[in-house]
Every structure is written in C-alpha cells, then in structure tokens.
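# I need the structure of the sequence given here:
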Amino acid sequence: MRLPNRIGLTLGAMRLVLASLVTAAFVAACGGGSGPGPASGPISGSTGAVKVALLLPITGSGNTPGVAKALKQAAELALFDFDNPSVSLVPKDTKGTPEGARAAAESAIQDGAELIIGPLFAQEVTGAAPVARQANVPMIAFSSDEKVAGSGVYLLSFLAGRDVPRIVAYAIAHGKKKFALLVPQSPYGRVAEEAFAKSVGRAGGQAVVRATFPPNDANAMLGPVRQVANAIKSGQQVDALFLPASPEDLQSLAPLLASNEVTSARVQFIGTGQWDYPNVGREKALVGGWFPAPDPKGWGDFTAKYTKTYGATPPRIASLAYDAVSLAVSLSQNPPGQRYTPAQLTRGSGFAGVDGLFRLLPDGTSERGLAILQVRDYGPQLLEPAPNGFTSAQY
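Here you go, the predicted model:
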C-alpha cells in the first residue's frame, strides 16, 4: 500500500472567509446515527505508539456537535481504511470555545500527541495554537480563516479565492479575454475579486464592466444585474461573466439574469467553488457555466463508503477529517522525530485525498489541484480533469 502517493478514496462550498460560517454551510447535510462499522473501535481500541490528537467541538453549542460527530466518524473511517496499528487517534473535546480548545491541546500534548488535527473554528485554533507551538507539535486545522494560519498551524480547508486562478486560466485558454464581473459585497466577494484581478492581469485579460450586489437581497440585486446586462446587450464585447456568488444568491441572480436576456448560452458564465452544490443545474441560466471544483467521483466514492458504514450522509466538510488522518497515517511510517516536520508536511508533491491533489504550504495555507466542471441539468459534467501533479497545476 503506497500511502505517501495515494491517501484517499476519492469543496465543495468551503471557501468562506469567516470561519464562523462553517457550521451554516455544512450542518444541513449532516446526518445522525452512528450505524455499524468503526464508529468507536479504531479510536478506543488503538494503542499505537504514534499518537495523533483530534480536537473537535464534541459538546459545542447549537448544531456544532453534529458537525463534530461527522468529522470524528470520517477520521475513524480513515484510520479503519488504512489499518496502521502504529497510529493511535486520540479525540479531545474543545467545547467550541478558545478556552476549551486550549485545555484540549494541553491534554493532547500531555498524552504525547505528535500531531494535532483540528480544531474546527478560528477562535478554537487561536486558543489551541500557542500550546501546540510551545510544544513544537504541528496542527492541521479545519478553519477557513487564513489569519490563524502559520507558525506550525496548517489549514486543510478550501480557502476563499484559491480556486479563482484555475478557472481564469481555463477561460483564457479557451478564448475568453474580456470579462464582466458581478460580485457580492462581502468579505468573500472582495477576496474572490482580488484573486480574479491578479489572475486576469497576469494572463493578459481585461475586465470591461463591473457591478456589485448586496448578498441576500433579491430586490437590491436587480440594479447591478441590469448594469451588467445592458453592457452586454449594448454590443460592448464581453466574452465571459465572472459570478462568484453563493448558492443562495445564485438562486436569486439566475432568474434576474435570464429575465434580462443574459444566460450562459449568450455569454460564458464562470463561477467559483461556491457553485459546487447539489442541483445547481436547476437554475437554467447557469446551465453551460464553468466552475472549478474537485472531481465529483472522489466525493461520491467517499459518500458511498461513509453512508454504508454509518447509515447517514456526511456533510461536505467530512472529507477534510478523512484526508487529515490519511496524511497522518502515511507520514507515521517515518522514523521518530521525522514524521510531522515542516519539510514532510509541506512536501512539494503534496498528497492525494478524497477531493484530489492537495498540499500544505509553508505559510500554513493549502493549495489544491482542481478539475473544471460544467453545469448541466442532470449534474456537473467534467470538462477538464484535475492535474496529476502540482507542476502542471495552474495557480
């Protein structure tokens, strides 16, 4: 079993800037029940010498325990799949607070953890990170807030804006040079637009019309939509419309664009990973649009195995826990003191996981090799596969 080169079975919509939004994005998909399979055995029964801590808000407030349960089960599934008796996975409850996360990290260090996986939220990472750094124990967290990355803290989550260069490169390679932008007035929108401007500028493209809209306000979207539509219909050359909108906003924007005679049949729509949600093809104006995302097959395979094991559908974020544990198992084969060093964690070749190729970067962020998908009525269609290696990835 060549774990260093293949550590998964297989983001989704995990590009939110504010880590506090993670729950809202993924809780809806979280199922209950532990079901049959390795729900507790691999953790409670493992006595491996290589201890890996798993910090999660198991007793957090609101709906977070449901997300934590799914992440824990995905981590157990990875440990079960790769069946390495030298690794022991040690769960710790952060209670969803900075203080709880700090206590959980202290307990993990006392237990001899060589690597910490988690926590989930930025505030938890802030609480746990100083403890981990003092002990020189690296942390692979699930927060999407880049402000908490660095100095031994790595973010495995899908980060806002990191997928934009991929779709821009694909669009320009297919003759799209002049772009219209319709961007949400939000932290995510600002990050996405900044990444877009840099990518288009490097590739020699041009933004010819730009409008912004307030999220979650369908009435206020009409003016910006008309501004873009009028520019396109007036004969101003526009090859593609960049629309980095959330699923909720797309459901309002798409009918407005269609009623103003702007669809992907008239001008090529391009989106971001936020388009990677079930039934995006229900919005007829978006059919034919392009967006970057992991190959759906990986997530489909993982979901099938998770559902068979636990009797519930996993939330989209669950793949992160599976991949983090898989990475931990693959590197556990190195000698003591050389397992989870910065050089090992940030190796240039990266790792292959549920969501395809990924690697951790020295600044604590992460990079992913993504496929290009097209919106179809029946589901996304693969237009261009993800790269086989980072030498060929377009970032």
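# When you work out contacts or count neighbours from here on, use the C-alpha atoms and nothing else.
Noted.
# Does Gln344 lie in a helix or a strand, and which?
In this structure, Gln344 sits in helix 342-345 according to DSSP states H and E.
# Residues in contact with that helix: which ones?
152, 331, 338, 359-360, 362 (Cα atoms under 8 Å, 6 or more residues apart in numbering).
# what's the answer for stretch 226-243, then?
Residues from elsewhere that reach stretch 226-243 (Cα under 8 Å, 6+ apart): 176-183, 208-211, 257, 260-262, 267-272.
# Spatially central residue for this structure, please.
Of all residues in the chain, the one closest to the mean position by Cα atoms, centre = their mean is Phe158, 2.6 Å from it.
# Could you report the pLDDT at that one?
pLDDT for Phe158: 93.
# That one touches Glu146, doesn't it?
No. Using Cα atoms under 8 Å, Phe158 is not in contact with Glu146, being 10.5 Å away.
# from the middle of its chain, how far away would stretch 66-79 be?
Here stretch 66-79 is found 16 Å from its chain centre; the criterion is Cα atoms, centre = their mean, to the nearest Å.
# Over to stretch 136-154?
Distance, centroid of stretch 136-154 to centroid of chain: 15 Å (Cα atoms, centre = their mean).
# Dump the C-alpha coordinates for the top helix by length along the chain into PDB.
Ranked by residue count under DSSP state H, the longest helix found in the chain is helix 64-82. Output in PDB follows, covering the C-alpha atoms of helix 64-82 (Å, rounded to 0.1, in the frame of the first residue of the first chain):
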ATOM      1  CA  THR A  64     -21.700  22.200  16.000                       C
ATOM      2  CA  PRO A  65     -21.800  18.800  17.800                       C
ATOM      3  CA  GLY A  66     -23.400  17.300  14.700                       C
ATOM      4  CA  VAL A  67     -20.600  18.600  12.500                       C
ATOM      5  CA  ALA A  68     -18.000  17.400  15.100                       C
ATOM      6  CA  LYS A  69     -19.600  13.900  15.100                       C
ATOM      7  CA  ALA A  70     -19.400  13.600  11.400                       C
ATOM      8  CA  LEU A  71     -15.800  14.800  11.400                       C
ATOM      9  CA  LYS A  72     -14.900  12.300  14.100                       C
ATOM     10  CA  GLN A  73     -16.600   9.500  12.100                       C
ATOM     11  CA  ALA A  74     -14.700  10.400   8.900                       C
ATOM     12  CA  ALA A  75     -11.500  10.400  10.900                       C
ATOM     13  CA  GLU A  76     -12.300   7.000  12.300                       C
ATOM     14  CA  LEU A  77     -13.100   5.700   8.800                       C
ATOM     15  CA  ALA A  78      -9.700   6.800   7.500                       C
ATOM     16  CA  LEU A  79      -8.000   5.100  10.400                       C
ATOM     17  CA  PHE A  80     -10.000   1.900   9.700                       C
ATOM     18  CA  ASP A  81      -9.300   2.000   6.000                       C
ATOM     19  CA  PHE A  82      -5.600   2.400   6.300                       C
END
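# How about Gly118, nearest residue that isn't a chain neighbour?
Ala141 (4.1 Å; Cα to Cα, 6 or more residues apart in numbering).
# which residues does that neighbour bridge with?
Beta-bridge pairing for Ala141 (DSSP bridges): Leu155.
# Contact partners for it?
117-120, 125, 153-157.
# Mark which of these are part of helices, please.
Reading helices off the contacts of Ala141 with DSSP H, I get Val125.
# Out of the contacts of Ala141, which end up buried?
Buried subset of these (neighbour count, 16 or more other Cα atoms under 10 Å): 117-120, 125, 153-157.
# quick one on the thing from earlier: so the residue nearest to the centre of the chain versus Pro315, what's the distance?
14 Å (Cα to Cα, to the nearest Å).
# With Ile116 instead?
Counting by Cα to Cα, the gap from Ile116 to Pro315 is 22 Å.
# more neighbours, those two?
Legend: neighbour count by other Cα atoms under 10 Å for Ile116 and Pro315, higher for Ile116 (30 against 19).
# isn't the more buried one right next to Val137, touching?
Yes. Using Cα under 8 Å as the test, Ile116 is close enough to Val137 to be in contact (7.1 Å).
# contacting residues for Ser61?
With Cα under 8 Å, 6+ apart, Ser61 has these contacts: 95-96.
# just Val225 next, same as before
Val225 touches 182, 211, 253, 256-257, 260, counting by Cα under 8 Å, 6+ apart.
# try it again with 7 Å
256-257 (Cα atoms under 7 Å, 6 or more residues apart in numbering).
# and it, what pLDDT?
97.
# what helix or strand does it sit in?
Residue-wise, Val225 maps onto helix 218-233 under DSSP H and E.
# Return the distance of the very next helix or strand once past that helix from the chain's centre.
Using DSSP H and E, the helix or strand that follows helix 218-233 in sequence is strand 240-242. From the chain centre to the centre of strand 240-242 is a distance of 23 Å (Cα atoms, centre = their mean).
# following strand 240-242, which helix or strand shows up next?
Next element after strand 240-242 (DSSP H and E): helix 247-259.
# what's in contact with the helix or strand that comes right after that following helix?
Using DSSP H and E, the helix or strand that follows helix 247-259 in sequence is strand 268-270. Applying Cα under 7 Å, 6+ apart, the contact partners of strand 268-270 are 239-243, 286, 289-291.
# Run through who's touching the helix or strand that strand 268-270 is followed by.
Counting by DSSP H and E, the element after strand 268-270 in chain order, helix or strand, is strand 290-293. Defining contact as Cα under 7 Å, 6+ apart, one finds that strand 290-293 is touched by 11-12, 163, 166-167, 269-273, 275-276, 370-375.
# Okay, buried residues for strand 290-293 please.
Result for strand 290-293 [16+ other Cα under 10 Å]: buried residues 290-293.
# can you give me how far the helix or strand just after that strand is from the chain middle?
Scanning forward in sequence from strand 290-293 by DSSP H and E, the next helix or strand is helix 296-310. Relative to the chain's own centre, helix 296-310 is displaced by 17 Å; criterion: Cα atoms, centre = their mean.
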